[in-house]
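# Have a look; sequence and predicted model below, questions after that.
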Amino acid sequence: MTTKINPTQALPIKAQQSQRLLSLDALRGFDMFWIIGGEHIIHALAELTGWPVMNWLSVQMHHTVWNGCTFYDMIFPLFLFISGVSMPFSFGRKFTEFGVGYGFQLPAAVKKQLYKTMIRRTLILIFLGLVVNGLFKFNGYENTRFASVLGRIGLAWFFAGLIYLNFDLRKQMIWFCFILIGYWLAMIFVPVPGFGAGNLTMEGSLESYIDRLFLPGRLHSKVHDPEGILSTIPAIATGLLGIFTGTFIKDQRFSPLRSVYFLLLLSLGLILLGLLLDLSFPINKRLWSSSFVLFVGGYSIAFFALFYLIIDVLGFQTWTFPFVLIGTNSILIYLAVEGVVNFGYTANFIFGGLINLSSGPFSDLLRAVSLMAVELAFLYLLYKNKIFLRI
């Protein structure tokens, strides 16, 4: 039975200062849902029904080739944004313990302890990213891809955390602006040998050139890597945007409903600002352009505001359980579906007979749904036994 919370009641929201936001776990699970098989369900439904809305959704489940943005392009930055939102709640316990308002006010010994934890988490994520890329296939140094999604999450989260722990909110915002403007100016005005300045193609961009010069091993696209060195810098701004959002919610300067209104207005402003900047620095996930940070950041805030409103403020929580299963073990399920566990074999073993009785698009839909069912069953067993991969 769904429990409803009166949005005018302050106690449940105040309790969130020391508790985990359910909306964060649910949003993280919603985000990861599409990676672990949700996209295949949409593709199969589009093929089966032929409905225009399903065809549109199917298109949204693909990355853009270069400039532009689809829903699927938002999944990675949304995950990084969520990591930023959680930081004021996780680190904030230390602030409360020592009665300080900002990280730079913490005792040196405490900050040193936090740095060690952050470095450990970052190194583990970089290593796991290498594992996903096939580190133990031993295909040779030159065939190993060192850049990775998990590596970027670790690095961007780490440097955003350093800014959070060493500067007040005003200076954090200055860092945010400095990163986006600095990256924009560098990409537009720094010349690349053979291409000149301001070339934003895959081959001629400054980001790609730096990858070819300094990124070891194999690049994702031969001349370019979407998780490369230079484009990791604006990803820090994505993490900072999450930190600003988490700080705003945690500080509770306004009522929960008013906070949601402010977040939705901010999201609209960032989307419009991203579209404006798109005129000179195109929205581009592979370059993680400054316009991309603003545009997707606006949508990320909107997603969080809606999940926060529905789940934590209004109290409609029962429907979130499948997403919570995914969100509380997001890194583990990501590693699993990237090759550590063959869920497809298990799904075919259990549901293969039913799938074979059907044909065409309906068979594809059953296959996609059965795969998701097996993954959720796996996550449910972990959840019931309180087994979580904490990094």
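Looks like it came in fine. Note that the structure is a prediction, hence the values are computed from the model and not measured.
# Spatially central, which residue of the chain would that be?
Phe79 (1.4 Å; CA atoms, centre = their mean).
# Just say helix, strand or coil for the closest residue to it other than its chain neighbours.
Nearest residue to Phe79 in three dimensions, chain neighbours excluded: Asp31, at 5.4 Å (CB to CB, 6 or more residues apart in numbering). For every residue, glycine as well, the C-beta is placed using N, CA and C. State at Asp31, reduced to three classes by DSSP: H, G, I helix; E, B strand; the rest coil: helix.
# OK, contacts around Asp31?
Ile75, Leu78, Phe79, Ile82, Gly327 (CB atoms under 8 Å, 6 or more residues apart in numbering).
# Which one of these is nearest to Ile188?
Set against Ile188, the nearest of the contacts of Asp31 by CB to CB is Leu78 (26.6 Å).
# Could you count how many residues lie near the closest one?
The tally of other residues near Leu78 (other CB atoms under 10 Å) stands at 24.
# Now the host helix or strand of it: buried residues?
Element membership for Leu78 (DSSP states H and E) is helix 71-98. Of the residues in helix 71-98, those buried by neighbour count under the rule 16 or more other CB atoms under 10 Å are 71-89, 91-92, 94-95.
# Next secondary structure after that helix?
Downstream of helix 71-98, the first helix or strand assigned by DSSP H and E is helix 108-132.
# which helices and strands does that following helix pack with?
Applying 3 or more CB pairs under 8 Å, 6 or more residues apart in numbering; DSSP states H and E, we find helix 108-132 packed against helix 71-98, helix 149-166, helix 330-335.
# So which of these is nearest Val369?
That would be, of the helices and strands packed on helix 108-132 and by CB to CB, helix 330-335, which comes in at 16.8 Å.
# CA atoms only for the helix or strand that that closest one is followed by, dumped as CSV, please.
For helix 330-335, the following helix or strand on the C-terminal side (DSSP H and E) is helix 343-357. Output of helix 343-357 as CSV, limited to C-alpha atoms (Å, rounded to 0.1, in the frame of the first residue of the first chain):
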residue,chain,number,x,y,z
PHE,A,343,22.4,-13.2,-17.9
GLY,A,344,21.4,-14.0,-21.5
TYR,A,345,22.3,-17.7,-21.0
THR,A,346,20.3,-17.9,-17.8
ALA,A,347,17.3,-16.1,-19.4
ASN,A,348,17.4,-18.5,-22.3
PHE,A,349,17.7,-21.5,-20.0
ILE,A,350,14.6,-20.5,-18.1
PHE,A,351,12.4,-18.8,-20.8
GLY,A,352,13.9,-20.3,-24.0
GLY,A,353,11.0,-22.6,-24.6
LEU,A,354,8.4,-19.8,-24.3
ILE,A,355,10.6,-17.5,-26.5
ASN,A,356,10.9,-20.2,-29.2
LEU,A,357,7.2,-20.6,-29.4
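# which other residues reach helix 343-357?
Applying CB under 8 Å, 6+ apart, the contact partners of helix 343-357 are Ala336, Val337, Ser363, Leu366, Arg367, Ser370, Leu371, Ala373, Val374, Glu375, Phe378.
# pLDDT score for the third one?
For Ser363, the model assigns a pLDDT of 91.
# check contacts around it.
Ile355, Asn356.
# Please, which helix or strand holds it?
With DSSP H and E as the criterion, Ser363 is inside helix 360-384.
# list the buried ones in that helix?
361, 363-372, 374-376, 378-379, 382-383.
# circling back: can I get the helices and strands packed on helix 108-132 in a markdown table including mean pLDDT and distance to Trp288?
Shown next, in a markdown table, are the helices and strands packed on helix 108-132 (pLDDT from 0 to 100; distance: least, CB to CB, whole Å):
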| stretch | mean pLDDT | distance to Trp288 |
| --- | --- | --- |
| helix 71-98 | 95 | 8 |
| helix 149-166 | 97 | 9 |
| helix 330-335 | 96 | 19 |
